[in-house]
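In: sequence-free structure coming up:
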């Protein structure tokens, strides 16, 4: 009887440990891909942000285009753009049609595709679902020397609409 009770307790403990391990593995797989909450870095806490690698994977799986924001913590223009976007409803609504990628400081890729006309910041780029940046999707209202620089929510939202049109994506207007 004592042996049976011990065997039963050991089995219950084993099952509990196995269940915790499975839950931990599942949670770990999700936490690698998504940047949420304060990790939005001020560009919109309600947006499901991705890092670049996870963004490429999700875009390939879903067929959604990618919107990439490249910025630096020390940059005054970047700091000024954050509330402009985080509080701009149209930008927040349009973000659901994109895989949203947020790259800060050392996360900026060295590949020249991500700095088509220079390394200034902030830059907002649009890429197709294969991850290729589309050079012709830039700020048509901005400075020709800094085509991917935006200073406000309406400008970014306008570019998002043009990108969705370019990719033949349907969206609510």
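Out: Nice, I can see it. Model, not experiment: these values are computed from the prediction. Numbering: from 1, shown residues only.

In: Closest to the centroid, which residue in the chain?
Out: By CA atoms, centre = their mean, the chain has its centre lying nearest to residue 101, at 2.6 Å.

In: Helix, strand, or coil at it?
Out: Following DSSP: H, G, I helix; E, B strand; the rest coil, the label given to residue 101 is strand.

In: Please apply the same query to residue 67.
Out: Once three-state DSSP is applied, residue 67 turns out strand.

In: for it, what are its contacts?
Out: Under the criterion of CB atoms under 8 Å, 6 or more residues apart in numbering, the contact partners of residue 67 comprise 95, 98, 99, 100, 101, 124, 125, 126, 160, 163. From N, CA and C alone the C-beta is placed, and that goes for glycine too.

In: can you pull out the helices in the protein?
Out: Taking DSSP state H to define them, one finds helices in the chain at 2-31, 52-62, 76-86, 89-94, 153-166.

In: Give the rounded mean pLDDT of the longest one.
Out: I take that to be helix 2-31. What helix 2-31 shows for mean pLDDT is 47.

In: Ok, the second one next?
Out: The average of the pLDDT scores along helix 52-62 is 96.

In: Residues contacting that helix, please?
Out: With contact meaning CB under 8 Å, 6+ apart, helix 52-62 is reached by 32-34, 50, 64-66, 68, 99-101, 103, 107, 109, 127-131.

In: Just the buried residues of that helix, please?
Out: Buried residues in helix 52-62, defined by neighbour count with 16 or more other CB atoms under 10 Å: 52, 54, 55, 56, 58, 59.

In: Could you do the shortest one as well?
Out: Neighbour-count burial for helix 89-94, with 16+ other CB under 10 Å as criterion, is recorded at 91, 92, 94.

In: Would you mind measuring the gap between the ends of stretch 69-89?
Out: For stretch 69-89, the first-to-last residue distance is 17 Å (CA to CA, to the nearest Å).

In: contacting residues around that stretch?
Out: With CB under 8 Å, 6+ apart as the test, stretch 69-89 has contacts from 40-45, 91-92, 100-105, 108, 114, 121-125, 149-154, 156-157.

In: Kindly report the same for stretch 149-157.
Out: For stretch 149-157, the surrounding residues in contact (CB under 8 Å, 6+ apart) are 77, 80-81, 84-85, 87-88, 90-91, 94, 120, 122-124, 139, 141-143, 159.

In: for this structure, which spans come out with low pLDDT?
Out: Within the chain, the ranges that satisfy pLDDT under 70 run 1-38.

In: is it true that residue 135 touches residue 116?
Out: Yes - assessed by CB atoms under 8 Å, residue 135 is found in contact with residue 116 at 5.2 Å.

In: now residue 45: how far from residue 92?
Out: Computed with CB to CB, to the nearest Å, the distance linking residue 45 and residue 92 is 10 Å.
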